[in-house]
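Q: Sequence isn't available, so here's the structure alone:
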């Protein structure tokens, strides 16, 4: 029996967690594409995962820097950041065909359009599946990541594909949904609050979840819900639910990017809310301000500016 072929494209914290889970499946031929330092460590010592697993475990994963092999009859899991999506697509254009399938898990809105618009019609829309990462993942060092339990939700169509069982009997909690659009909007609204606030305040999620910061969160939540409703989506979230959903002591992906000196995904999260607001004539002054503030923070970090010299 032919093994299922799976490629994790983007070996960061989330990609590494997904690769570790799939590596537990003996009927899957798995490869992960990532940065040289990270994958070298994994290839020689295995991937070490800590956090909320019962004990630290090491996972054997075959890793590569680039793809120089065909991706026919392969599931490609796009785990790269939304900001790196276009370059990731270009990396694989010459290796995919009509049998290649894709599972995309990026934060933000309009991710499918980015892939389809940059794939030179090589990606078949019916072969494109959407997933939502609800678990926590933090990159600690090359070959080391932390994992916090949470749901990994995939649209129901994926359950009908030949890859539907690749996460079964692993440490991931996988669920299928028939309403992926609502859940995408819900996560975007959550991310529009926790991600930028984590960068501005430089704190972990459990601190942002405290009630004393409710006023700041409430304004972003109101705007996000109004814009979602203008798109016919009721995200079904209030402030109490929000504080309970994101209460672990891990740090957001945007703060992780900021600490590494990388650009965040603000344009795909708060920026997307602003754009949909403009489209539907919904004012979003708080989200618009947050976008400009995060960009200003990124400029200051990049230029290494200081307030004054002591």
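A: Happy to help now that I have it. A quick note: this is a predicted structure, and the numbers were derived from the prediction, not measured. Numbers count the residues shown, from 1 in each chain.

Q: ok, which stretches of this structure are helices?
A: Counting by DSSP state H, the chain has helices at residues 13-22, 36-45, 85-92, 111-117, 180-201, 205-208, 214-230, 239-245, 253-259, 270-279, 285-303.

Q: Quickly compare these and say which is most buried.
A: Compared across those, helix 13-22 shows the largest average neighbour count, a mean of 26 (mean count of other C-beta atoms under 10 Å). No exception for glycine: its C-beta is placed from N, CA and C like everyone else's.

Q: these two touch, right, residue 74 and residue 100?
A: Yes: using C-beta atoms under 8 Å, residue 74 is in contact with residue 100, at 5.6 Å.

Q: With mean pLDDT added, can I get the helices of the chain in JSON lines?
A: Below are the helices of the chain laid out as JSON lines (pLDDT from 0 to 100):
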{"stretch": "helix 13-22", "mean pLDDT": "95"}
{"stretch": "helix 36-45", "mean pLDDT": "95"}
{"stretch": "helix 85-92", "mean pLDDT": "86"}
{"stretch": "helix 111-117", "mean pLDDT": "88"}
{"stretch": "helix 180-201", "mean pLDDT": "94"}
{"stretch": "helix 205-208", "mean pLDDT": "91"}
{"stretch": "helix 214-230", "mean pLDDT": "95"}
{"stretch": "helix 239-245", "mean pLDDT": "87"}
{"stretch": "helix 253-259", "mean pLDDT": "89"}
{"stretch": "helix 270-279", "mean pLDDT": "96"}
{"stretch": "helix 285-303", "mean pLDDT": "92"}
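
Q: any chance of those helices in JSON lines, with distance to residue 162 too?
A: JSON lines is the format used below for these (distance: least, C-beta to C-beta, whole Å):
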{"stretch": "helix 13-22", "distance to residue 162": "14"}
{"stretch": "helix 36-45", "distance to residue 162": "27"}
{"stretch": "helix 85-92", "distance to residue 162": "20"}
{"stretch": "helix 111-117", "distance to residue 162": "20"}
{"stretch": "helix 180-201", "distance to residue 162": "20"}
{"stretch": "helix 205-208", "distance to residue 162": "36"}
{"stretch": "helix 214-230", "distance to residue 162": "33"}
{"stretch": "helix 239-245", "distance to residue 162": "32"}
{"stretch": "helix 253-259", "distance to residue 162": "30"}
{"stretch": "helix 270-279", "distance to residue 162": "32"}
{"stretch": "helix 285-303", "distance to residue 162": "40"}
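
Q: Just the pLDDT for residue 122.
A: Looking at residue 122, its pLDDT is 87.

Q: ignore the last one, residue 306
A: 61.

Q: Could you do residue 246 as well?
A: If you check residue 246, the pLDDT there is 77.

Q: need the contact list for it.
A: 190, 194, 205, 208-209 (C-beta atoms under 8 Å, 6 or more residues apart in numbering).

Q: Distance of residue 192 relative to residue 235?
A: Distance from residue 192 to residue 235, counting by C-beta to C-beta, to the nearest Å: 11 Å.

Q: tell me, what's touching these two both at once?
A: residue 224.

Q: Nearest to residue 263, out of the contacts of residue 246: which one, please.
A: Nearest to residue 263 among those is residue 194, at 17.9 Å by C-beta to C-beta.

Q: Tell me the spacing between that closest one and residue 215.
A: Residue 194 is 15 Å from residue 215, by C-beta to C-beta.

Q: Check residue 97 too.
A: Residue 97 sits 52 Å away from residue 215, going by C-beta to C-beta.

Q: before we move on, the earlier item: quick one: which of the helices of the chain is nearest residue 149?
A: Nearest of the helices of the chain to residue 149, taken as C-beta to C-beta: helix 13-22 at 10.8 Å.

Q: Would you mind listing the residues in contact with residue 242?
A: Counted by C-beta under 8 Å, 6+ apart, residue 242 has contacts 190, 193, 217, 221.
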